[in-house]
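Participant: here are the coordinates; sequence isn't available:
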DNA sequence: GCGTTGTTGTGCAAATTGGCACAAACAAGA
DNA sequence: TCTTGTTTGTGCCAATTTGCACAACAACGC
Ligand SMILES: NC(=O)c1ccc[n+]([C@@H]2O[C@H](COP(=O)([O-])OP(=O)(O)OC[C@H]3O[C@@H](n4cnc5c(N)ncnc54)[C@H](O)[C@@H]3O)[C@@H](O)[C@H]2O)c1
Ligand SMILES: NC(=O)c1ccc[n+]([C@@H]2O[C@H](COP(=O)([O-])OP(=O)(O)OC[C@H]3O[C@@H](n4cnc5c(N)ncnc54)[C@H](O)[C@@H]3O)[C@@H](O)[C@H]2O)c1
């Protein structure tokens, strides 16, 4: 159960398991077997059992896993049993969609602030938020103690924005811009460029 | 060079390499070493060399890889040396952003049609496209021979939409809805749920 | 021409990851 | 209480994936 001993591949599957469990719960299931989960997920049942067993013995032989309890446990391990404040930078087409997206809060995230550089955008509404001036980012984010950032600016601005976020104390960045970011070792970056998965698929077409 | 012999992990890194090469080319570089690429990508130099060597000997000892030629080769292998038509389903906030996004075409993709179920949406403009009625999807997609689909509907509709796409002959689906899709073996699905990478990061915070 | 520097492609070893198969545990029904 | 049917957790092995290290090669300066 030592955090540093759990391989990243395993951690990276946990959110998938959690999402499936939440769906199962909505359907009213109280108990679910690794077999059943496997079919809903495309991950082998043995894999699921082995992954989950690294965090404790949640399953009951003959019955499967208690859906609600397991989901709670996963949320605790992933630390999404609370809601994280997130800062959004770049409120263009994509940033707007993100600001208005309702799917974050009940899964552990809330966009708490949004910043842009364009004077036309600053002061306007995006979702429930007022777009703020990028020049005030460092202070605002630092004061609020925000640890997670989302970048939805053009690629040309992304590294500069990342630097600002890091300076402001952000430790995790979700980057929508199609460019690799260079950040200190203690900051994590995940990428969401839709062209990458598209090109992965065309290889096989 | 036999397609089926190249491991998927390797294929999945190719689009990353291609993106980095395109950036390097824009900066005017004509030659780039695995070392240099490694720093821009966060993938080890040995890994890059080994991956690329599976597709042929593009590098020159002492100099590195010729940027333009290697990018061309990768585009050929990924089959993005042409532009694929893509069908978009669900033109809400996210679908709108996707329809207006300019970043697809020069990387091998063009949203050729967009469909929605909402009568309010049908007939309206989204980017350069007119939103069409979902009930006409099968015929339109089949006739156009489109092989790639993007789903940006709510999760509740995603599986049904996927079924329609498969029926219409689509072989690759990019799914933005936060739900696992069940499709025939010859159809590929990639997922883009932003909460998944966010939760992957909070584990370590 | 020749040493120096830099870089690839690759054989091999190490590490990681995934899958099989089964004992142990539990539920339920007779 | 015993039997039957399920399903977990895990030891062990196979496969995949990564990293190391070096010979082979190319350019360059002198
Ligand atoms: N639109 C999409 O569907 C989509 C899809 C995938 C990826 N992306 C990527 O997401 C990013 C945003 O895309 P978009 O379509 O919303 O672009 P956009 O041009 O509509 O919006 C970009 C926003 O960033 C702001 N900005 C620019 N420089 C900034 C800076 N230094 N600091 C703060 N704000 C700054 C701009 O003022 C603008 O509001 C791009 O990198 C794009 O490649 C977009
Ligand atoms: N908005 C975001 O930033 C964002 C981010 C990540 C993921 N997502 C996911 O993307 C999807 C779309 O998000 P959104 O914010 O654009 O939602 P939205 O409600 O704004 O848009 C959904 C659209 O899908 C259409 N639709 C519904 N059922 C349909 C059907 N059966 N066939 C065709 N069209 C149908 C609706 O009419 C609507 O136009 C959701 O699954 C959401 O979870 C959105």
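Facilitator: That came through fine. None of these values were measured; they are calculated from a predicted model. Ligands and ions are numbered 1, 2, ... in the order given.
Participant: next, count neighbours for the nearest residue to residue A:133 once chain neighbours are set aside.
Facilitator: Excluding the flanking residues, the one nearest residue A:133 by C-beta to C-beta, 6 or more residues apart in numbering or on different chains is residue A:122, at 5.0 Å. Bear in mind the C-beta positions are built from the backbone N, C-alpha and C, glycine included. For residue A:122, the neighbour count with other C-beta atoms under 10 Å in any protein chain shown is 18.
Participant: surely residue A:122 forms part of a strand?
Facilitator: No: applying DSSP: H, G, I helix; E, B strand; the rest coil, one finds residue A:122 to be coil, outside a strand.
Participant: which parts of chain A are helices?
Facilitator: For chain A, the helices defined by DSSP state H cover A:8-26, A:34-41, A:45-53, A:67-78, A:93-100, A:137-144, A:155-167, A:195-202.
Participant: distance of the residue nearest to residue A:133 from residue B:95?
Facilitator: Distance, residue A:122 to residue B:95, by C-beta to C-beta, to the nearest Å: 26 Å.
Participant: do residue A:66 as well
Facilitator: For residue A:66 relative to residue B:95 (C-beta to C-beta), the value is 37 Å.
Participant: looking at these two, which one has more neighbours?
Facilitator: Under the criterion of other C-beta under 10 Å, the comparison of residue A:66 against residue B:95 puts residue B:95 first, with 26 against 18.
Participant: just give me the neighbour total for the residue lying closest to that one once chain neighbours are set aside.
Facilitator: Take residue B:95 and drop its neighbours on the chain: the residue closest to it by C-beta to C-beta, 6+ apart is residue B:152, 4.1 Å away. Residue B:152: 26 surrounding residues under other C-beta under 10 Å.
Participant: what do you get for the one 4 residues further on?
Facilitator: Per other C-beta under 10 Å, the neighbour tally for residue B:156 reads 9.
Participant: which residues does residue A:204 contact?
Facilitator: Applying C-beta atoms under 8 Å, 6 or more residues apart in numbering or on different chains, we find residue A:204 in contact with B:11, B:172, B:188.
Participant: please report how far the second one lies from ligand 1.
Facilitator: The reference is to residue B:172. The gap separating residue B:172 from ligand 1 is 17 Å, by C-beta to the nearest ligand atom, to the nearest Å.
Participant: pretty sure that residue sits against residue B:147.
Facilitator: Yes: Residue B:172 is in contact with residue B:147 according to C-beta atoms under 8 Å; the separation is 6.3 Å.
Participant: list the residues that contact both of those two?
Facilitator: With C-beta under 8 Å, 6+ apart, residue B:172 and residue B:147 have common neighbours residue A:205.
Participant: so these two - more neighbours on which side?
Facilitator: Taking other C-beta under 10 Å, residue B:172 and residue B:147 do not tie; residue B:172 has more neighbours (23 against 20).
Participant: what score does the closest residue to that one other than its chain neighbours have for pLDDT?
Facilitator: Take residue B:172 and drop its neighbours on the chain: the residue closest to it by C-beta to C-beta, 6+ apart is residue A:201, 3.9 Å away. Looking at residue A:201, its pLDDT reads 98.
Participant: so how far is residue A:30 from residue A:201?
Facilitator: Applying C-beta to C-beta to residue A:201 and residue A:30 gives a distance of 37 Å.
Participant: more neighbours, these two?
Facilitator: Ranked by neighbour count (other C-beta under 10 Å), residue A:201 and residue A:30 place residue A:201 first, with 23 against 12.
Participant: what sits against that one?
Facilitator: Counting by C-beta under 8 Å, 6+ apart, residue A:201 makes contact with B:148, B:172, B:174, B:188, B:190.
Participant: contact partners for the residue lying farthest from the centre of chain A?
Facilitator: In terms of distance from the mean C-alpha position of chain A, residue A:62 ranks first, at 33.7 Å (C-alpha atoms, centre = their mean). Contacts for residue A:62 (C-beta under 8 Å, 6+ apart) come out as none.
Participant: what does residue A:199 give?
Facilitator: B:14, B:15, B:18, B:78, B:80, B:107, B:108.
Participant: distance of residue A:26 relative to ligand 1?
Facilitator: 28 Å.
Participant: with residue A:48 as the reference, measure out to that residue.
Facilitator: In terms of C-beta to C-beta, residue A:26 sits 19 Å off from residue A:48.
Participant: those two: which is more packed in?
Facilitator: Under the criterion of other C-beta under 10 Å, the comparison of residue A:26 against residue A:48 puts residue A:48 first, with 23 against 9.
Participant: I'd assumed residue A:40 was in contact with that one.
Facilitator: No: contact criterion C-beta under 8 Å: residue A:48 and residue A:40 do not qualify, at 10.3 Å.
Participant: which residues of chain A lie near DNA strand D?
Facilitator: A:33-35, A:45-46, A:49-50, A:52-53, A:57-65 (C-beta under 7 Å from any atom of the strand).
Participant: repeat the analysis, applying 10 Å as the threshold.
Facilitator: With the criterion set to C-beta under 10 Å from any atom of the strand, chain A comes near DNA strand D through A:9, A:31-38, A:45-65, A:70.
Participant: filter those residues to the buried ones?
Facilitator: Burial by neighbour count, 16 or more other C-beta atoms under 10 Å in any protein chain shown: within the residues of chain A next to DNA strand D this picks out A:31-34, A:36-38, A:48-49, A:51-52, A:55, A:59, A:64-65, A:70.
Participant: what residue spans form the domains of chain A?
Facilitator: Per the record, chain A has its domains at A:3-78, A:84-197, by automatic domain parsing.
Participant: CSV for those domains, including distance to residue B:179 and mean pLDDT?
Facilitator: As requested, the domains of chain A are exported to CSV (distance: least, C-beta to C-beta, whole Å; pLDDT from 0 to 100):
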stretch, distance to residue B:179, mean pLDDT
domain A:3-78, 7, 93
domain A:84-197, 11, 97
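Participant: ranking the ones you listed by burial, who's on top?
Facilitator: Among these, domain A:84-197 has the highest mean neighbour count (mean count of other C-beta atoms under 10 Å in any protein chain shown), at a mean of 19.
Participant: that one and ligand 2, any residue contact?
Facilitator: Yes: using C-beta under 6 Å from any ligand atom, domain A:84-197 reaches ligand 2 at A:97, A:98, A:101, A:103.
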